[in-house]
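Student: Fold the following and give me the result.
(one chain, ligands or ions: 1)
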Amino acid sequence: MRVFGKPYRTIWPSEKDNATIHIIDQRHLPHRFVVEELRTVSEVCTAIREMHVRGAGLIGATAGFGMHLAALAAPEHDFAGFMRKAADDLVRTRPTASNLAWAVKRQLEAITQETTLAAQRAKAFAVACEIADEDAEFCRRIGEHGKGIIAELSRRKNGGVVNILTHCNAGWLAFVDYGSATAPIYAAHAEGIKVHVWVDETRPWLQGAKLTAWELKEEGVAHTLIADNTGGHLMQHGMVDMVIVGTDRTTRCGDVANKIGTYLKALAAHDNGVPFYVALPSSTFDWGIRDGLSEIPIEQRSGEEITHIRGLNEAAEMTTIAIAPPATPCANYGFDVTPARLITGLISERGVMQASEGDILRLYPEQK
Ligand code: MRU
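Tutor: Prediction:
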């Protein structure tokens, strides 16, 4: 998508040298646009753990390139051992999004099929590019499938503005391009359907305020930033036509783990008859689990993300300030689980389905 009018992806290999991978360091947005270069798997682990990159699809794509960088560094006499350790290090960086382990497993399976060091390295790079390209293409297709839902709401409002609420950032910055939740919005906007997005700020990391608001602005999509607690009020007053969010892990029965606070939005949507959609590429399904509440690991992060806040000061310098009493005990759960019964539909690269095992398997029969 566009940054200052120029098309970008969130991750790309250097044109000169595939030993350098470029990422947009999202910790600086929206105030600075910083491109970081990664050259080792350890730098990739840091970038994922410390959220220079974040979002399910992008974490997966970054891990794919991490395995490529590991393959470049792996010694011939212990290639398999080196790659296994790199895989373990990458998978440990963040526990909730399934795309991370999925990408690492895809790399290991592909590399194992090759027998020479040169072929293993070539395969690791090809697979990393494939994962990134596929992520972008799947998100583009999510946009095509989801656009129909927005078009129908617009038709029912006689072409009036469709108000969509989203939580966190399941935008292009959370993937390689287009985004999951934002893809239908961008596709509808490109077709001239009038949309307006309510952007939850998304405490404590503020992905909504920092990232979603920024990317919607860059794309010229009308939006309004709201405090996290506002959505229920807007829904009670008929000011939300639909909710679209992303997901970090989805069970085969349709339970969804997404950024903390998503569950409360789903409850409010259910109580007010507002359709609640979840958009995801199939890499976000965890086909091995059925029950989101008991089986999805929920990441807990440092309490400092709650007690402190980072932004520009009056001199336009990035600064961190404390907002809670020193040493306040904190609990910082990164995600919550929205049960399938609260979800109107899932939108994937293969189409729109109900959040139920039967309907998910209708579109993914190979997972039966
Ligand atoms: O902690 P993050 O920023 O990596 O969390 C991921 C998210 O941005 C959200 O949960 C998002 O809605 C789904 S990921 C596409």
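Student: Show me which residues of the chain sit near the ligand.
Tutor: Applying Cβ under 6 Å from any ligand atom, one finds that the chain approaches the ligand through 54-57, 168-170, 174, 180, 207, 245-248, 258-259, 334. For the C-beta atoms, the positions are set from N, CA and C on the backbone; glycine is no exception.
Student: I would like the residues contacting the strand or helix carrying residue 223, please.
Tutor: Using DSSP states H and E, residue 223 sits within strand 222-226. Under the criterion Cβ atoms under 8 Å, 6 or more residues apart in numbering, residues 161, 194-201, 208-209, 212-213, 216-217, 234 lie in contact with strand 222-226.
Student: That one: partners in the sheet, and parallel or antiparallel?
Tutor: Paired strands of strand 222-226, with direction, are strand 195-200 (parallel) (DSSP bridges).
Student: Report the rounded mean pLDDT for the partner strand.
Tutor: Mean pLDDT, computed over strand 195-200, is 98.
Student: you'd agree residue 153 is in a strand?
Tutor: No. The assignment for residue 153 (DSSP: H, G, I helix; E, B strand; the rest coil) gives helix, which keeps it out of a strand.
Student: Next, the contact list for it, please.
Tutor: Residues in contact with residue 153 (Cβ under 8 Å, 6+ apart) are 162, 241-242.
Student: Narrow those residues to those in helices?
Tutor: Residues of the contacts of residue 153 located in helices (DSSP state H): none.
Student: By neighbours, which of those wins?
Tutor: In terms of neighbours by other Cβ atoms under 10 Å, those top out with residue 162 at 24 neighbours.
Student: so what's residue 186 up against?
Tutor: Residue 186 touches 1, 143, 178-179, 219, 221, counting by Cβ under 8 Å, 6+ apart.
Student: Oops, could you answer that again for residue 44 instead?
Tutor: Residue 44 makes contacts with 21, 38, 62-63, 65-66, 69, 90, as judged by Cβ under 8 Å, 6+ apart.
Student: change it to 6 Å
Tutor: 38, 66 (Cβ atoms under 6 Å, 6 or more residues apart in numbering).
Student: quick revisit: only the buried residues of the helix or strand following the strand holding residue 223, if you could.
Tutor: For strand 222-226, the succeeding helix or strand toward the C-terminus, using DSSP H and E, is helix 231-236. Of all the residues in helix 231-236, those buried under the rule 16 or more other Cβ atoms under 10 Å are 231-232, 234-235.
Student: quick check, nearest of those residues to residue 297?
Tutor: Closest approach to residue 297 among the buried residues of helix 231-236 (Cβ to Cβ): residue 231, at 26.2 Å.
Student: so what's that closest one up against?
Tutor: 165, 265, 268.
Student: please redo it, this time with the cut-off set to 8 Å
Tutor: 165, 167, 198, 200, 240, 243, 264-265, 268.
Student: which among these gets closest to residue 103?
Tutor: residue 167 (24.2 Å).
Student: Tell me the bridge partners for the residue lying closest to that closest one once chain neighbours are set aside.
Tutor: Nearest residue to residue 167, sequence neighbours excluded (Cβ to Cβ, 6 or more residues apart in numbering): residue 200, at 4.4 Å. With DSSP bridges as the criterion, residue 200 is bridged to residue 226.
Student: Test my guess that residue 200 contacts residue 168.
Tutor: Yes. Look at residue 200 against residue 168 with Cβ atoms under 8 Å: they come within range, at 7.0 Å.
Student: Need the residues touching each of those two.
Tutor: Joint contacts of residue 200 and residue 168 (Cβ under 8 Å, 6+ apart) are 208, 261.
Student: which stretches of the stretch 101-250 of the chain form strands?
Tutor: 162-166, 195-200, 222-226, 242-245, 249-251 (DSSP state E, counting those that start in this stretch).
Student: Can you lay out those as a markdown table showing distance to residue 346?
Tutor: Below are the strands of the stretch 101-250 of the chain laid out as a markdown table (distance: least, Cβ to Cβ, whole Å):
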| stretch | distance to residue 346 |
| --- | --- |
| strand 162-166 | 15 |
| strand 195-200 | 20 |
| strand 222-226 | 24 |
| strand 242-245 | 11 |
| strand 249-251 | 7 |
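Student: related to what we said a few turns ago, closest one of the contacts of residue 153 to the ligand?
Tutor: Set against the ligand, the nearest of the contacts of residue 153 by Cβ to the nearest ligand atom is residue 242 (15.6 Å).
Student: about what we covered before: farthest-separated two in the buried residues of helix 231-236?
Tutor: 232 and 234 (7.4 Å).
Student: and the contacts of strand 222-226, which are buried?
Tutor: 195-201, 208-209, 212-213, 216, 234.
Student: Can you add distance to residue 286 and give these back as JSON lines?
Tutor: Compiled in JSON lines, the buried ones among the contacts of strand 222-226 are given as follows (distance: Cβ to Cβ, whole Å):
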{"residue": "195", "distance to residue 286": "31"}
{"residue": "196", "distance to residue 286": "33"}
{"residue": "197", "distance to residue 286": "28"}
{"residue": "198", "distance to residue 286": "29"}
{"residue": "199", "distance to residue 286": "28"}
{"residue": "200", "distance to residue 286": "25"}
{"residue": "201", "distance to residue 286": "28"}
{"residue": "208", "distance to residue 286": "25"}
{"residue": "209", "distance to residue 286": "29"}
{"residue": "212", "distance to residue 286": "25"}
{"residue": "213", "distance to residue 286": "30"}
{"residue": "216", "distance to residue 286": "29"}
{"residue": "234", "distance to residue 286": "32"}
